[in-house]
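S.K.: A structural model of the following input is requested.
(2 chains)
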Number of protein chains: 2
Amino acid sequence: MDSATAAAIIIGDEILSGKFTEENAAYLVRELRELGISLRRIEIIPDDVDAIADAVRTQSAAVDHVFTSGGVGPTHDDKTMAGIARAFGVRVVVDPQLEAALRAFYGDRFHERHLRMAEVPEGAVMVPADHAAWPVTSLRNVYILPGVPVIFRRKFEAIRERFRARPFAIRRVYCMADEATIATHLDAVVAAFPAVSVGSYPRFDAADYRVLVTLESKDTAAVDAATESLDAALPAGVVVRVE
Amino acid sequence: MDSATAAAIIIGDEILSGKFTEENAAYLVRELRELGISLRRIEIIPDDVDAIADAVRTQSAAVDHVFTSGGVGPTHDDKTMAGIARAFGVRVVVDPQLEAALRAFYGDRFHERHLRMAEVPEGAVMVPADHAAWPVTSLRNVYILPGVPVIFRRKFEAIRERFRARPFAIRRVYCMADEATIATHLDAVVAAFPAVSVGSYPRFDAADYRVLVTLESKDTAAVDAATESLDAALPAGVVVRVE
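M.R.: Take a look at the predicted model:
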């Protein structure tokens, strides 16, 4: 799948209120890029069943893969399973595989409330992860991951290769110029190379350039041709270096 | 306004593709909390006029204040003004105050393309910021800020006091327990103190506790009473400390 797309839905009042620094979206940004997946949107939303349902329903229809983070524990503020069930109009049910795993893990310390962690939207699939007892719960194209960063990463790593797509190619052109003076040259490259995404980023804290231009695509030849076209068109002295 | 709410809309392919680390949402999380504003949602979206229009229209109706970051320069990938104009069904026009400021600033180096940075949605208001020449453009309850972090912060700092609301009160209860075993006690506090937001956060990397419980509200007395109620209800030895 060469145009694979994804969205991340980060669920948690604790992120929006600054109690914990967001780490999982930043991690997904890096991982998905490396996998050749285009991350189309990140939403950070509160612990609210309707907000979760709306975000999941919308993104599930808009992109190929949806990853959720958080809200999967046993306490009152864990609302992700209810939200995803509502998104697809299904019930929340206890998964027998998860229930057995929880009973085996906790043994004498098993508490009735632990069963909350065996609840899943009806129709959910258990994707084998780091070990069989603790799979990743998924429903349709939605992968439901826990919010604690160390566990989020461990579970994502266990399933990441199933998402691998063709890699992105990127070139970077560092310019000593004002953005406005190179804008028409960028327009020409954008028009001539529709397969290439061109970004222009002014920076005021770099020693030897003022604008970073990025050219990116899954078509390496197109990226190279667009980069050469831009380099040739810009006035002498503007391009500091190309990487 | 004791229940002031906000949303942040971060516009930029460069964040979603990992070319630059997101800094402005993380900054707003801290600043808005300190100001007593409840940040209800963060959306990180691509450089796409329709995506910007949809996000701004929805959030402008949902919360008191909307802050956008990015997409306000002179190049082809700067689409924020067009997106916000589309959100509210108005045209994009050249603001004479901004045009005069740009012509004065650039002098002999003025380039026709700099006028793109004087374009605003029709009806926009110029909020005085760090100096009169460079105000913050706003439309209705939407404040349009640039994406470069150092400038984003400078402009937000210039207008931040107009958003100040009643502060939040928060107490933290550190527990040595499994979340499931304290869940019913948390339920009781949630039911008894509806004005208090209660969060439960398992952590596996802390030396002396396993769950952080937060109790938060603008009603300090309610937070204190809820904290005392929880502390009294939990079995002996569970509460490690209260802050």
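
S.K.: which residues of chain A fall in strands?
M.R.: A:5-11, A:38-45, A:65-69, A:92-94, A:119-121, A:125-127, A:136-139, A:142-145, A:169-175, A:197-202, A:211-217, A:239-242 (DSSP state E).

S.K.: And the last one, what's buried?
M.R.: Pointing back at strand A:239-242 there. A:239, A:240 (16 or more other CB atoms under 10 Å in any protein chain shown). (C-beta placed from N, C-alpha, C; glycine too.)

S.K.: One more: stretch A:119-138?
M.R.: A:119, A:120, A:121, A:124, A:126, A:129, A:134, A:135, A:136, A:137, A:138.

S.K.: for stretch A:36-55, same thing?
M.R.: A:36-49, A:51-55.

S.K.: now the strands of chain A in CSV, with distance to residue B:169 and mean pLDDT?
M.R.: Formatted as CSV, the strands of chain A follow (distance: least, CB to CB, whole Å; pLDDT from 0 to 100):
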stretch, distance to residue B:169, mean pLDDT
strand A:5-11, 24, 98
strand A:38-45, 23, 98
strand A:65-69, 28, 98
strand A:92-94, 34, 98
strand A:119-121, 33, 97
strand A:125-127, 42, 93
strand A:136-139, 36, 96
strand A:142-145, 32, 97
strand A:169-175, 47, 97
strand A:197-202, 41, 95
strand A:211-217, 44, 97
strand A:239-242, 52, 96
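
S.K.: Please parse chain A into its domains.
M.R.: A:5-163, A:169-242 (automatic domain parsing).

S.K.: pLDDT below threshold where in chain A?
M.R.: Within chain A, the set of residues satisfying pLDDT under 70 comprises A:1-3, A:130-133.

S.K.: neighbouring contacts of stretch A:150-163?
M.R.: Contact with stretch A:150-163 is made by A:4, A:6, A:23-24, A:27-28, A:31-32, A:35, A:37, A:65, A:67, A:69, A:127-130, A:134, A:136, A:143, A:145-146, B:204-205, as judged by CB atoms under 8 Å, 6 or more residues apart in numbering or on different chains.

S.K.: Run the chain-centre distance for stretch A:200-216.
M.R.: How far stretch A:200-216 lies from its chain's middle: 25 Å, per CA atoms, centre = their mean, to the nearest Å.

S.K.: Does it reach chain B?
M.R.: Yes - Stretch A:200-216 reaches chain B (CB under 8 Å from any CB of the partner chain) through A:200, A:201, A:202, A:203, A:204, A:205, A:214, A:216.

S.K.: which residues does the last one bridge with?
M.R.: For residue A:216, the beta-bridge assignment (DSSP bridges) gives partners residue A:170, residue A:197.

S.K.: hang on, it packs against residue A:170?
M.R.: Yes - using CB atoms under 8 Å, residue A:216 makes contact with residue A:170 at a distance of 4.5 Å.

S.K.: So for the two, which sits in the more crowded spot?
M.R.: residue A:216 (22 against 19; other CB atoms under 10 Å in any protein chain shown).

S.K.: So what sits opposite residue A:65 in the bridge?
M.R.: residue A:6.

S.K.: who's in contact with it?
M.R.: Contacts here follow CB under 8 Å, 6+ apart; on that basis residue A:65 touches A:4, A:5, A:6, A:7, A:37, A:141, A:143, A:163.

S.K.: With residue A:14 instead?
M.R.: Contacts of residue A:14 by CB under 8 Å, 6+ apart are A:20, B:199, B:201, B:214.

S.K.: number of nearby residues for residue A:141?
M.R.: 15.

S.K.: shouldn't it be in contact with residue A:60?
M.R.: Yes - between residue A:141 and residue A:60 there is a contact under CB under 8 Å: 5.8 Å.

S.K.: What's the local residue count around the closest residue to residue A:109 other than its chain neighbours?
M.R.: What sits nearest to residue A:109 in space, not counting adjacent residues and going by CB to CB, 6 or more residues apart in numbering or on different chains, is residue B:178, at 7.0 Å. Using other CB under 10 Å, residue B:178 has 17 other residues around it.

S.K.: before we move on, what about the one 3 residues further on?
M.R.: Taking other CB under 10 Å as the neighbour definition, residue B:181 ends up with a count of 18.

S.K.: wait, doesn't it sit right on residue A:106?
M.R.: No - contact between residue B:181 and residue A:106 fails when scored by CB under 8 Å: they sit 10.2 Å apart.

S.K.: and for these two, which residues touch both?
M.R.: Between them, residue B:181 and residue A:106 share no contacting residue, judged by CB under 8 Å, 6+ apart.

S.K.: if we can go back for a sec, need the overlap of contacts for residue A:216 and residue A:170.
M.R.: Counting by CB under 8 Å, 6+ apart, the contacts common to residue A:216 and residue A:170 are residue A:223.

S.K.: Next up, the contacts around the residue nearest to residue A:177 when sequence neighbours are not counted.
M.R.: Among residues not flanking residue A:177 along the chain, residue A:238 sits closest, at 4.7 Å (CB to CB, 6+ apart). Contacts for residue A:238 (CB under 8 Å, 6+ apart) come out as A:175, A:176, A:177, A:182.

S.K.: repeat for residue A:29
M.R.: A:39, A:42, B:15, B:16, B:17, B:18.

S.K.: wait, doesn't the second one sit right on residue B:12?
M.R.: No - at 11.0 Å, residue A:42 does not count as touching residue B:12 under the criterion of CB under 8 Å.

S.K.: any shared contact partners between the two?
M.R.: Residues touching both residue A:42 and residue B:12 (CB under 8 Å, 6+ apart): residue B:44.

S.K.: how close does residue A:208 sit to residue A:174?
M.R.: Counting by CB to CB, to the nearest Å, the separation of residue A:208 from residue A:174 is 7 Å.

S.K.: let me fix that: residue A:14
M.R.: Applying CB to CB to residue A:14 and residue A:174 gives a distance of 39 Å.

S.K.: same thing with residue A:40?
M.R.: 27 Å.

S.K.: ditto for residue A:227
M.R.: The value you get for residue A:227 to residue A:174, if CB to CB is used, is 12 Å.

S.K.: List the residues that are in contact with both of those two.
M.R.: residue A:242.

S.K.: Which pair of the contacts of residue A:238 spans the longest distance?
M.R.: Pairwise distances across those (CB to CB) peak at 10.2 Å, for the pair A:176 and A:182.

S.K.: Among the two, which residue is more densely surrounded?
M.R.: residue A:182 (26 against 13).

S.K.: give the contact list for the more buried one.
M.R.: Contacts for residue A:182 (CB under 8 Å, 6+ apart) come out as A:175, A:200, A:211, A:213, A:234, A:238, B:75.

S.K.: same deal with residue A:19?
M.R.: Applying CB under 8 Å, 6+ apart, the residues near residue A:19 are A:13, B:199, B:201, B:214.

S.K.: Identify, from the residues you listed, the entry nearest to residue A:194.
M.R.: residue A:13 (42.1 Å).

S.K.: all helices for chain A, in order.
M.R.: With DSSP state H as the criterion, chain A has helices at A:13-16, A:24-35, A:49-62, A:80-88, A:96-106, A:149-159, A:179-192, A:220-233.

S.K.: ok, and the closest non-adjacent residue to residue A:51?
M.R.: residue A:45 (4.7 Å).

S.K.: Pairing-wise in the sheet, spell out the partners of that neighbour.
M.R.: Beta bridges link residue A:45 to residue A:11 when assigned by DSSP bridges.

S.K.: Report the separation between it and residue B:30.
M.R.: 19 Å.

S.K.: just residue A:184 next, same as before
M.R.: Residue A:184 is 39 Å from residue B:30, by CB to CB.
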